[in-house]
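Undergrad: can you look at this prediction? I've put the sequence above it.
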Amino acid sequence: MTIAGTMSSKGQITIPAEVRKRLGIHEGDRVEFVLEGETTTIRPAARTDNPFAEYRGALASVLPGTIEEIVAEERAMRGRETEL
C-alpha cells in the first residue's frame, strides 16, 4: 500500500491520518527517519523522558529523611555504631 503526502515550502509534511493511527503517534510526538541504503523508514522516536520520573520520591514518607539517618538506622539494626 502506498499513501502520499505533500511537502510544504518549509519542508513540513502532514502525515496522513491512516499512517498516524498505524504508528500510534499523536500531536507533539516525535518521529525518526531511518535511512538504510535506498530505503527510508519513519517510526515513532524512542522516548527521551525517564519513565520512572513519576515515582521519584514515592518512598519519602516511608524512609528516614537523610542518607545519614538511613545509614545510622541500618547500623543500629545491625548492632554497629551510628557514626559514619
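TA: Yep, that arrived. Numbers count the residues shown, from 1 in each chain.
Undergrad: what helix or strand is residue 46 located in?
TA: In the assignment (DSSP states H and E), residue 46 maps to no helix and no strand.
Undergrad: would you map the strands across this protein?
TA: Counting by DSSP state E, the chain has strands at residues 31-36, 39-44.
Undergrad: any idea of the mean pLDDT for the longest helix along the chain?
TA: When the chain is parsed with DSSP state H, its longest helix is helix 67-77. Averaged across helix 67-77, pLDDT comes to 85.
Undergrad: rewinding a little: need the strands of the chain in CSV (columns: mean neighbour count, mean pLDDT and distance to residue 61).
TA: In short, each C-beta sits where N, CA and C put it, glycine included. What follows is the strands of the chain, written out as CSV (neighbours: other CB atoms under 10 Å; pLDDT from 0 to 100; distance: least, CB to CB, whole Å):
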stretch, mean neighbour count, mean pLDDT, distance to residue 61
strand 31-36, 9, 94, 40
strand 39-44, 10, 93, 36
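Undergrad: most centrally placed residue in the chain?
TA: For the chain, the residue nearest the mean C-alpha position is residue 49 (3.2 Å; CA atoms, centre = their mean).
Undergrad: ok, it to residue 30 distance?
TA: From residue 49 across to residue 30, the span is 11 Å (CB to CB, to the nearest Å).
Undergrad: repeat for residue 61
TA: 35 Å.
Undergrad: same check on residue 40?
TA: 16 Å.
Undergrad: how near is the nearest residue in space to residue 4 that is not next to it in sequence to residue 66?
TA: Using CB to CB, 6 or more residues apart in numbering and skipping residues adjacent in sequence, the residue nearest residue 4 is residue 16, 7.9 Å away. In this view, residue 16 and residue 66 are 55 Å apart by CB to CB.
Undergrad: and these two? Which one has more around it.
TA: residue 16 (12 against 9; other CB atoms under 10 Å).
Undergrad: what count of nearby residues applies to residue 23?
TA: 14.
Undergrad: typo on my end, residue 25
TA: Neighbours around residue 25, by other CB under 10 Å: 17.
Undergrad: mind listing what it touches?
TA: Each residue near residue 25 by CB atoms under 8 Å, 6 or more residues apart in numbering is listed here: 15, 31, 44.
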